[in-house]
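K.L.:
Attaching a predicted model along with its sequence, questions to come.
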4 protein chains.
Amino acid sequence: MRGKVITSVKDTQLIEKRREQIVKAAISLFKNKGFHKTTTREIAKESGFSIGTLYEYIRQKEDILFLVCEAIHNDVDLHLKQVIDLENPSIDHLITVVKSYFQLMDEMQDEVIVMYQEIKSLEEKTRTYILQKEREMIQMLKQVIVSCTPHYISEMDAELLANNIFVQGQMWGFRRWALHQQFTLESYTERQIQFLLKALSIDTDEVDV
Amino acid sequence: MRGKVITSVKDTQLIEKRREQIVKAAISLFKNKGFHKTTTREIAKESGFSIGTLYEYIRQKEDILFLVCEAIHNDVDLHLKQVIDLENPSIDHLITVVKSYFQLMDEMQDEVIVMYQEIKSLEEKTRTYILQKEREMIQMLKQVIVSCTPHYISEMDAELLANNIFVQGQMWGFRRWALHQQFTLESYTERQIQFLLKALSIDTDEVDV
Amino acid sequence: MRGKVITSVKDTQLIEKRREQIVKAAISLFKNKGFHKTTTREIAKESGFSIGTLYEYIRQKEDILFLVCEAIHNDVDLHLKQVIDLENPSIDHLITVVKSYFQLMDEMQDEVIVMYQEIKSLEEKTRTYILQKEREMIQMLKQVIVSCTPHYISEMDAELLANNIFVQGQMWGFRRWALHQQFTLESYTERQIQFLLKALSIDTDEVDV
Amino acid sequence: MRGKVITSVKDTQLIEKRREQIVKAAISLFKNKGFHKTTTREIAKESGFSIGTLYEYIRQKEDILFLVCEAIHNDVDLHLKQVIDLENPSIDHLITVVKSYFQLMDEMQDEVIVMYQEIKSLEEKTRTYILQKEREMIQMLKQVIVSCTPHYISEMDAELLANNIFVQGQMWGFRRWALHQQFTLESYTERQIQFLLKALSIDTDEVDV
DNA sequence: CATGAATGAGGGTTCATTCAT
DNA sequence: TATGAATGAACCCTCATTCAT
C-alpha cells in the first residue's frame, strides 16, 4: 500500500515517521485552505523540515493528498474492524457500531471534509484505489446490518442503508454549519439510529438507544 | 443578489446573457477539471468570447464560482417552489416532492458535484451567502414533512429528516460510482421513500409509492 | 516550419518580431553561458520583455534553442543559395562559394558555436529536423563541387570534400583559440582552398586564389 | 595534474581507482544525456558507490567533467605517442599515424563527442588547461607531417593540415549521422589520406594507402 | 463594449552539496 | 572511509489580471 508512493529514502521506519508528519501537517493545512491553495513549502514547514526533504518522501504534491486519503481510510477501516464483531450479532451491536462510527466521524471531521472535497483532485488511478477502500467499508457496515437484523432484509435495502449510515456519519462533519446549531452529537446519533431501526422495522421500544 | 458581482458593463440584459454563457461554460469545465484546474482563459473561450470580455462581467475568478453556485441554487430553489404546495398537504404530496427532488438531482448531478466540491473555495462571505440559501431549501423540505405527516412530529425529527433527504438527493450524484451499479433512479428513490415513511411511522401499505 | 513552435499569440507579424528578439537575445547569452546555464528569465530580460511574455511565444525553454538553430540554418542556407549559381559552373565559382561561406562562418562564429555545442540538447525529433537541413546544405556544396570540377569526380569524393569544407568553415569558429593566433581569415581561407583544389587535382597555377 | 582536483581522501591508489570508476560511469552517462542532464546521484550510482563517497573524491560536479576530459586526452595523447616515431620519418609512417588516429577516434567516438560538446561548461582556467593539451597533440601531428613530407612545407601549411586531420578524426564521430551512411571507417580514412597526400603534393601512385 | 498582448508573483520541483553517524 | 538523509537556492513554467487600442 505504502509502496504506492515512491521515495528516494531507504530507511523504512524513517519513511513511516516522516509520512506521518507530512500527513498530519497536510490535514491541518488542507482543512483551512484546501489542497490547491496549500503550497508544498507550507506543508514542508508545517511538517518540520525543508522543502527538499519533503520531496525525498513524495514524488509530487498529489502524492500528499493520496497519503492523506489513505491514512484517513486506514484509520476508519481499523476503527470499524475493531468495533465490529460479526460472531455475536444483535440489535445492540448494530447500535454500538453506528454510534461508534458516528463518534469517530465526529473526531475526524476535518479529515473527512478534506477527503471528500479533494478526492477529485487525485488522478484516475489513485482515486479508484481510494474509492475501492471505501466500498469495502460500506460492505462491512452492510454485513453488520444484515447479521444484526432479526428478520430477513433484502440485499439492496441493506446496501442502501449502509450507504445512508456512511454518508450520515460524514454529513455530521461536512454539514456541521447546519447541524451543530440544533444537534449535539448524541442527539444527532440517537435520532439517526431511531430512523435506522424504524427503517429496519425494529420495534424501538424493545431496545435501549 | 446578482448585483453582488460587480461589472464595468451597464447594459443589464447583456450582463444577464453573458453571465448565462459564463455559468454554462464554467459548469461544463468544472465538471471535468474542477474549479482550480480550470483557467479563466478556458472559461472565456468556452463562453465564446475573449479573456478581456470575460473580465468585463466578473471581477475575479472566484466570482465565476459564485455565479455557478448561485445559478444552481436558483434552479433547485425554483424547482422546489414549483412542486411544493403547502396548501394541500398529504402523504402523496410528500412523496411527490421527494421524487421530484431526486429526479432533479439526477438531472443536475454534475452541477451538484461541482458545487459541493468547490464551495470551500469561496471566500467566507460569499460562502455564507450560498449556505444560507441552502438552509432555506432545507426549511422548505422540513415544512413539507411537518405539514404532510398526519401525526405530530418534533421539530428536530423533521429538521433531521429534511437534511437526510437533502443529502440523499445529492448522494445519488456524488456517490454515483457506488450507487448506480446497483440502483436505478427509480429503485433508489422508491427505497429511500420507504425508509422515510417508516421513519415517519407511516404505514407504507396505505400509500402508493 | 515556424509553426513547429506553438504560440498563444495570434498576430503573425508580432510573433515574427518577438521571435527575432528572442533569438538575438538567446544567442548573445548562450554564447557566454551556454544553453543550460542561461535562465529563461535572463532571455526574457535580454529580449526586452517579461518572463510571461516570453512564454507567450514559446512553449518550453527548448523551443528557444530550436528557434536559434533554425534561424542560424536559415541564414546560412539563404546565404549559400544567393551565392551559388549552378548554371555557370567554373573553378572560380567554386572558389567564390567557398570564400563566401568561410566569410559567413567568420561573421557567425558565435552562432555556430552555440549550435554545435547545444544541438544535442534538442529532443530527438527536433534534432533530426535540424540535422536534415544541414544535410541539404552539404548537398548544395557537393553539387557546386561536382559541377565546377572540370574533370570527373566520384560521388563519394565530392561528398567527403563537401563535408570537409563545411566543417572547416565551422572549425574557423569553434577552434578560433587555436587558429586565430596564426591565421587571418584570408590566409586560412586561401590555404584551405589551395588544399581543396589540390585534392580535386586542379592545377593551382591556372587559377587566381 | 591529477592533483588539480582536490580530495579529502589520502590513499593515492584508492583515489586512482575511484576516479577511474567515476570517469567510466560519467562517460557512459554523459554520452546519452549530456553533462548537464546527468545528476551527481546518477554518477555515484553508476560508479557503484554513494553520493557521499563521490564527494570524497571530487569537490564539485564540474571536477567530474574535468576528469573525463583529462582522461580522454591522456588516452589520445598516449596513443599518439606510442604510434609516432619521429626518428624514422616516411610517407608510410605519416599514413600509419593518420590511420591509427582515425582508428582511435572511431573507438572513442562517444568520448570525443562528450568532450567537444561539454568543454565549454568547464570554467575558464580548467578549459584553458584542457585546450593546451590539445595544442600539444596538434603539434605532434604537425611534426609528423613536417618530418614525413619529402619536400619543404611551410609551418603554416603543416599547422593547418594538422588541424584538419585532427578535426577530421573527430568529425568521423560527431558527424556520424551524416558520414556513416556512406562511408566505412576504411573508405573514409583512405579518402582523407588521399586528399592529405594531394594537399602535400605527394604523388599517390608512389604510396600504398 | 470587445480584444488579446503583456505582466510578474508565485508555485512545483530538482539537484548539487553538506555533515552527522 | 563510507553512507545517505537533509538542505535550500534556483529553475521552469503558469495563469489571474490589467490596459492600451
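P.N.:
Yes, it's here.
K.L.:
so what does the helix or strand containing residue A:132 touch, helix or strand wise?
P.N.:
Element membership for residue A:132, per DSSP states H and E: helix A:124-148. Using 3 or more C-beta pairs under 8 Å, 6 or more residues apart in numbering or on different chains; DSSP states H and E, the elements in contact with helix A:124-148 are helix A:61-83, helix A:91-107, helix A:155-174, helix B:176-179. Where you see a C-beta, it was placed from the backbone N, CA and C, and this is true even at glycine.
K.L.:
which one of those is the most hemmed in?
P.N.:
Compared across the helices and strands packed on helix A:124-148, helix A:155-174 shows the largest average neighbour count, a mean of 21 (mean count of other C-beta atoms under 10 Å in any protein chain shown).
K.L.:
can you tell if that one touches chain B?
P.N.:
Yes: counting by C-beta under 8 Å from any C-beta of the partner chain, chain B is contacted by helix A:155-174 at A:156-157, A:159-161, A:163-164, A:167-168, A:171.
K.L.:
now for that helix, which elements pack on it?
P.N.:
helix A:91-107, helix A:109-118, helix A:124-148, helix A:185-199, helix B:155-174, helix B:185-199.
K.L.:
what's the angle between that helix and helix A:61-83?
P.N.:
Relative orientation of helix A:155-174 and helix A:61-83, computed by axes from the mean of the first three to the mean of the last three C-alpha atoms, to 10 degrees: 120 degrees.
K.L.:
ok and helix A:155-174 relative to helix A:124-148, angle-wise?
P.N.:
120 degrees.
K.L.:
Just want the phi and psi numbers for residue A:202.
P.N.:
Backbone torsions for residue A:202, taken as degrees, to the nearest 10, come to phi -100, psi 130.
K.L.:
per-residue pLDDT, the closest residue in space to it that isn't next to it in sequence?
P.N.:
Closest residue in space to residue A:202, ignoring its immediate chain neighbours: residue A:91 at 6.0 Å, by C-beta to C-beta, 6 or more residues apart in numbering or on different chains. For residue A:91, the pLDDT comes out at 95.
K.L.:
Please apply the same query to the one 3 residues further on.
P.N.:
As predicted, residue A:94 sits at a pLDDT of 97.
K.L.:
Please apply the same query to residue A:72.
P.N.:
92.
K.L.:
contacting residues for it?
P.N.:
By C-beta atoms under 8 Å, 6 or more residues apart in numbering or on different chains, the residues touching residue A:72 are A:27, A:108, A:111-112, A:114-115.
K.L.:
do residue A:42 as well
P.N.:
Contacts for residue A:42 were tallied using C-beta under 8 Å, 6+ apart; they are residue A:29.
K.L.:
for it, phi and psi?
P.N.:
Per degrees, to the nearest 10, the backbone of residue A:42 is at phi -60, psi -40.
K.L.:
burial count for the closest residue to residue A:160 other than its chain neighbours?
P.N.:
If you skip the residues right next to it in sequence, residue A:160 has residue B:191 as its closest partner in space, 5.3 Å away by C-beta to C-beta, 6+ apart. Residues near residue B:191, counting by other C-beta atoms under 10 Å in any protein chain shown, number 20.
K.L.:
Quick check: residues of chain A near chain B?
P.N.:
A:34, A:36-37, A:113, A:116-117, A:120-121, A:131, A:134-135, A:138, A:156-157, A:159-161, A:163-164, A:167-168, A:171, A:175, A:177-179, A:182-183, A:187-188, A:191-192, A:194-195, A:198-199, A:201.
K.L.:
Other residues contacting the lowest-mean-pLDDT helix or strand in chain A?
P.N.:
Across the helices and strands of chain A, mean confidence by mean pLDDT, DSSP states H and E is lowest for helix A:109-118: a mean of 86. Contact with helix A:109-118 is made by A:27-28, A:30-31, A:34-35, A:65, A:68-69, A:72-73, A:75, A:105, A:170, A:172-174, A:176, B:116-117, B:120, as judged by C-beta under 8 Å, 6+ apart.
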